[in-house]
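Participant: Make a model of this:
(2 chains)
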Amino acid sequence: MKKIDSILLTFCLLLIIAFQACKKSNETSPDSRDFSNCIFVSNEGPFNSGTGTISAKSFVSGKVEHEIFQQVNSRPLGNIVQSIEVYKDLAYIVVNNMNKIEVVDAKTFKSHATINDVVLPRYFLGISDNKAYITSWDNVVAVIDLNSNTVIKQIPTATGPEKMIKVNNKVFVLNQGGFSTDSIISIIDCESDTILENLIVGQKPSGIRLDKNNNLWVLCSGFGWNGMPDENNTPGKLTCLDIDNYSILKEFVFPSYENHPEKLIINSERDFLFYNYPGGIFRFNINDNELPTTPFIQSENIFYSIAFDKINNRIYASDALDFVQNGNIFSYNALEGSLFDSFNVGIIPGSIYFYY
Amino acid sequence: MREGLLYFLILLITPVFLFSQSGGKNSINLPEFELKETGLKDFSTTLKVNRIDSIVLKQNSLSSLSEILISQSPIFVKTYGSGSLATLSFRGTTANHTGIFWNGFSIEPPNIGMTDLSLIPIAFFESIEIQHGGSSSLFGSGNIGGSIHLENNNHFDSENKYNLALSSGSFGSYSGNIKVLLSKKNWTSSSGILVRKMKNNFRFKNVYEKSEKQENAELFQYGIYHTYSRKIKNNNLFTIAAWLQFSDREIPKTLTSRPSIAYQIDRAFRTYAEWKKFLKNGSVSAKSAYFDEFLHFVDKSEKSENTNIDSKIFMKSFISEFDYKKSVFEIVNINAGISFKTKIGETESYHGLKSRNEAAVFLASVINLQKIHWSVALNLRQEFIEEYDIPFTHSIGFEGKIWKNISGRINISRNFRAPTLNDRFWIPGGNENLKPENSWNQEAGLNFIFPSKSRNHFSEFSLTVYNSMINDLIMWIPNNNFWSVNNVQKVWARGIEFQGKTNLKIKEFGMIILGAYTYSKSTNSKKLSESDHSYNKQLIYTPLHNFSISLQLLYNRWSIFYDKNFVGKAFTTKDNLNEIPSYSISNLSFNKSFRLYEKLLNLQFRINNIFDKNYQVIEYRPMPGRSFTLSINLEI
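Facilitator: Okay, the predicted model is just below:
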């Protein structure tokens, strides 16, 4: 019998050891925070069942903080945080796979409201004191009443509306095609919230900017994916459009069917465009007559997102690495392209916003 | 599928035809040969093999394989929710590294190469064996972490058995199972039907810490199973078997996503025929299998076409195997054979129908040195797979007595895993330049047995250390727009397994305690880029510690089962900066059996998750709290 006793004792000991291994820790969050003068980075978070996060880096102290929404509000943001935009001191965090937009006070990050019922939302654009637009993969632009934070109207677009730009009283919506491909810019009159025109451009319009001459630059990626050449691929295009009659002033077709340009940003003087292309970030002067052949900033990985810091004249670029670990942000001097700084953020950093 | 159904009907009719013949005048007297044997038993003597207790299988006959492995083994089961997808992480490897075998046939679907264990009912099998460690030299591609063997035995010349099991439980779950075992001198057949329905509308805490009811998580499953074996004169044995499994389940949302209306249908029809001739000191056999699988995933949450998903995949596998077994001077057992396989997959993402041919030659041998109580196993296998250079796999193992009641075990093996059809053909992302993964596995173990003189109690302990390096690990990694697959990683998996069992019997009272602990350290051994923070970090969803204990108390016709499963914290990101907390779940069941007019009636009341723990196996996927199940089992 003694033998049995000792065997039982061994089991009990093992049980105790096993339960000792299970410990929990709770972090306490400070009561009030100040995130003014920060770079906000929205991180999509792991695919499938994860949550996205917001990282913030202070322009003043240089300190980087992670998961700030969760820290302040004690709950996760939700699956796939698509973008962050600050409008009238409120930050609008678009949570794609949860069909919602979390509205927080941009300074404290305390929850202010939640906008629900926007199907697969993508980007936010403030229109007036009372109104904003949100693109939705339900192929609409949702019109939001900013007082009640509810959807008041849905403007039908083409397939997969993404980024928007407001010029005077018009909003230009890029329709990339969602899981497929589209090549339409929906032009909306933001007084009446109605479609003025559907403009056909190149395939997969992925970036739009206004230059100093008040001309619109549209970057179309073309059909296909980088690193996955296929017979059906079409080349990318950079097109300059007249703002009033939408006529093509200039057009540059990318030489390769296999490589596709993506994302488009412009500097503070609005005379240099930057875009992602295999090899790094390329720079294009609006007066140039041909596309650059060598990158302005070299990189092996294609950056997941790029943004322009207009006050400090820097280009910010995010690297999502293998998409299952925390990514990095790199900042470069916009005149020379030299690396200025880099810091670690969350998983799949997808959008960068400068809250000065 | 139509041909599949037709074949199934033929299989169902054939036994009837054969039955009517067997009633005839000249029943054949066969010399007695051991008719049951498997590759596993004969040629895995040096490997660590655990068999799930037959009482446990019987008492939980309405469970799925994933549920049984969670409660009865320390293997980490990655389950996405009640009734949802469940895969294994065995010895710190990924879901692709554990083979599942049905009477010797590998049943992994050709598209992804991993079996959803929640779709396998245990009711159809009489024995479930878990083999630990690399065994590609015995079983082929993908058996790096281990393998699981579902077996049916032949019962000639015993009693007919009829079995009915019904159960009902919390969250709208109902299941039923009928089994018929017919046994005659020259033939035997076993048939079963299982139906399972679950609403899964349990309550869980959402991100606002409020209670919420699970929606869109219903499950409906049924399975039909039939096997027939017949002895024919001159020591021939003929077996046919068919197994149809259907599942229709809704895919619930996660805690961090919008409501879901997605659902998935899985249908698998598997059948085989085997002929075997028993020779004086061995056997020769030929067998052929045909597997037909269909998967349909639908997610139409939005009204717009561009975000809806409606994906279908059709898969077929044809397998043929010839083998020869021979025992020489009762010292050497050899098994030599060849096998052919054709795998076919058809889906929109392959842009049509794609197929692949495979072949293998193998030689397995075990030398039993009875005088010194040692066995030596030497296995060689070369597979040939279209378009791939498959490494020659071989293994050597030793097992035997060291001192008194202590025995030891050492195994070294070379293993591999071939890319799946998805890895090769999926558009976009599939890669035609993939290489097979390859690994070296080593393990050493000690066994201690404490028998007692009265034979009323005995204890057994085993301790194993293992080490393996998996090279050219195939991984799907997203880039900016789509996922693509490459031989990117190198994983170093090593760990310790401890296992103990105690049986005790005093008069009417019996007790069995089973405990197991595993420590699995699996790290990325390759730096993918300068800023890669996953180097030397633990694989995601691979807990370091896993501990399980189960206790059976038997008294007269009463029995109580208790099991507890502790799973240590696991990392959810490759840089190990995010983790999911550890949890431990306990289940308890009371059983009472009655004898009614010579028939055996068993009643069971089961409480799952008795402490009502709120836990997640996969981040943000809620698991059910406490639940109750009542079941009856009638055996005639």
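Participant: And the helices in the chain, which stretches?
Facilitator: No chain specified, so I'll use chain A. A:2-20, A:68-73 (DSSP state H).
Participant: Chain B is the one I meant
Facilitator: B:2-22, B:39-43, B:54-59, B:65-72, B:136-139, B:421-425.
Participant: And the strands in the stretch 151-300 of chain A?
Facilitator: Remark: strands assigned in the stretch 151-300 of chain A by DSSP state E, counting those that start in this stretch are A:161-167, A:170-175, A:184-189, A:194-200, A:205-210, A:215-220, A:237-242, A:248-253, A:262-266, A:272-277, A:280-285, A:297-298.
Participant: number of nearby residues for the residue of chain A found nearest chain B?
Facilitator: Going by CB to the nearest CB, chain B is nearest to residue A:178 of chain A, at 3.5 Å. C-betas here are computed from N, CA, C, even on glycine. For residue A:178, the neighbour count with other CB atoms under 10 Å in any protein chain shown is 23.
Participant: which stretches of chain A have low pLDDT?
Facilitator: A:1-31 (pLDDT under 70).
Participant: before we move on, what about chain B?
Facilitator: B:1-41, B:302-306, B:452-454, B:480.
Participant: Please work out how many residues are found near residue A:131.
Facilitator: 18.
Participant: That one bridge partners, please.
Facilitator: residue A:145 (DSSP bridges).
Participant: In contact with it: list those residues for me.
Facilitator: A:143-146, A:190 (CB atoms under 8 Å, 6 or more residues apart in numbering or on different chains).
Participant: Likewise for residue B:356?
Facilitator: B:110, B:342-344, B:385-387, B:421, B:424.
Participant: For the residues you listed, could you give me a markdown table that also reports distance to chain A?
Facilitator: Formatted as a markdown table, those follow (distance: CB to the nearest CB, whole Å):
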| residue | distance to chain A |
| --- | --- |
| B:110 | 23 |
| B:342 | 28 |
| B:343 | 24 |
| B:344 | 24 |
| B:385 | 24 |
| B:386 | 23 |
| B:387 | 19 |
| B:421 | 18 |
| B:424 | 15 |
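Participant: how far does stretch B:601-615 sit from the chain's center?
Facilitator: 23 Å (CA atoms, centre = their mean, to the nearest Å).
Participant: and the end-to-end length of that stretch?
Facilitator: 35 Å (CA to CA, to the nearest Å).
Participant: That stretch and chain A in contact?
Facilitator: No. Stretch B:601-615 stays clear of chain A (CB under 8 Å from any CB of the partner chain), getting no nearer than 11.0 Å.
Participant: Please list the residues outside that stretch that contact it.
Facilitator: Under CB under 8 Å, 6+ apart, the answer for stretch B:601-615 is B:59, B:167, B:169, B:204-205, B:581, B:583-595, B:622-635.
Participant: List the ones among the residues you listed that fall in strands.
Facilitator: B:167, B:169, B:204-205, B:583-595, B:627-635 (DSSP state E).
Participant: and chain A, which of the residues you listed reach it?
Facilitator: Checking the ones in strands among the contacts of stretch B:601-615 against chain A (CB under 8 Å from any CB), the matches are B:583-584.
Participant: Now restrict the ones in strands among the contacts of stretch B:601-615 to buried residues only.
Facilitator: B:167, B:169, B:204, B:583-589, B:591, B:627, B:629, B:631, B:633 (16 or more other CB atoms under 10 Å in any protein chain shown).
Participant: ok, those residues vs chain A, which is closest?
Facilitator: Nearest member of these to chain A, counting by CB to the nearest CB, is residue B:584, at 6.8 Å.
Participant: Any residues of the stretch 151-300 of chain B in contact with chain A? List them.
Facilitator: Going by CB under 8 Å from any CB, the residues of the stretch 151-300 of chain B near chain A are B:207-209, B:254-258.
Participant: And the buried ones among those residues, selectable in PyMOL?
Facilitator: Remark: buried members of these, expressed as a PyMOL selection using 16+ other CB under 10 Å:
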select buried, chain B and resi 207+254+255+256+257+258
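Participant: I'd like the distance between residue B:605 and residue B:200.
Facilitator: Taking CB to CB, to the nearest Å as the measure, residue B:605 falls 21 Å from residue B:200.
Participant: the more surrounded of these two?
Facilitator: residue B:200 (22 against 14).
Participant: The more buried one is in contact with residue B:218, isn't it?
Facilitator: Yes. Between residue B:200 and residue B:218 a contact is recorded at 6.4 Å, counting by CB atoms under 8 Å.
Participant: Which residues does the closest residue to residue A:338 other than its chain neighbours form beta bridges with?
Facilitator: Of all residues not flanking residue A:338 in the chain, residue A:332 sits nearest, at 6.4 Å (CB to CB, 6 or more residues apart in numbering or on different chains). Beta-bridge partners recorded for residue A:332 (DSSP bridges): residue A:315, residue A:339.
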